[in-house]
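Enquirer: below are the sequence and a predicted model for it; my questions follow.
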Amino acid sequence: MTGVEIEYCGEGDKPYISDLFLRTFKESPWNSKMSKKDVDSYLDSILNSKDSICLVAKTKDTTESKFAGFALGSKLGYTLNSEINENDTVYLSSIAVEPKKRGMGIGNQLLSEYMKRAEEQNFRYISLITSTKSEETLNFYKKFSFSKLEDERDLSPENTKTENICMFKRLNSDISGSYGISGQINP
C-alpha cells in the first residue's frame, strides 16, 4: 500500500515541479506558452517569497519516495473586491498531479493541506483563476466549496469576456458569514 506525504517544497523539488508544470499546463484548456526558463524564473520567485505556500506530494512505500504533484501560491498582491483583498488572501496559482497518479486522491490531499497551511498563516481567503473549459477542474474546486467571484474585471484587459473565471474560498471558521450561490459574501 502506498501512502502520500505532503510537505513544503525544497530546492531539490524544483526540477520535478518545473517538468510537471510544463507537461500539465501546455495542454488544453490552459495552453500555456511559458518556456522552461519562464517556469524556472516563476518557481524561483514563488519559492523565495515569504508570503508563499509551496507544497509537494510524494508517494511513499517501504523503499522510496516519489514526486506525485504540487500546489503553489502566494499572497494575492491586489484587491479582488471590498471583501477580498491582498492582505488576507492567498492566490493558488497552480496545482497539478502526475498523470499516472491521478484518481488516487492526491489532488484532494494537496488542496486540503494547502487550505490548512493557509489558515495557519492567517489568510482568510484562497483565490484562483481557472478555465471554464474543464468541467472536471471546476467540479474539483466546487467540491471544496470554492465559489465563482462575480466581478471578473481583473482577469482580462478592458473588462473583456474570457474563458477563465476567478474562484475563491473563505477560510477560518471563526469568521461569521457564509457563501452565496454567486460567490458573493453574505454577512
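Expert: Happy to help now that I have it.
Enquirer: where along this protein do the strands fall?
Expert: All strands of the chain, identified by DSSP state E, fall at 3-8, 52-60, 65-75, 89-97, 125-131, 147-148, 164-170, 178-179, 185-186.
Enquirer: which other helices and strands contact the first one?
Expert: When contacts are defined as 3 or more CB pairs under 8 Å, 6 or more residues apart in numbering; DSSP states H and E, strand 3-8 sits against strand 52-60, helix 106-120. Where C-beta positions appear, they are placed from N, C-alpha and C, glycine not excepted.
Enquirer: pretty sure Lys60 contacts Val4?
Expert: Yes. In terms of CB atoms under 8 Å, Lys60 counts as a neighbour of Val4; the distance is 7.1 Å.
Enquirer: who has more neighbours, those two?
Expert: Applying other CB atoms under 10 Å to Lys60 and Val4 shows that Val4 carries more neighbours, namely 18 against 14.
Enquirer: re earlier: need the winner for burial among the helices and strands packed on strand 3-8.
Expert: Of the helices and strands packed on strand 3-8, the one with the most neighbours on average (mean count of other CB atoms under 10 Å) is strand 52-60, at a mean of 21.
Enquirer: what's the angle between that strand and strand 3-8?
Expert: Taking axes from the mean of the first three to the mean of the last three CA atoms, to 10 degrees, one finds that strand 52-60 is oriented at 160 degrees with respect to strand 3-8.
Enquirer: average pLDDT for stretch 20-40?
Expert: Per-region confidence: stretch 20-40 scores 84 on mean pLDDT.
Enquirer: same check on stretch 124-137?
Expert: 88.
Enquirer: all set, thanks.
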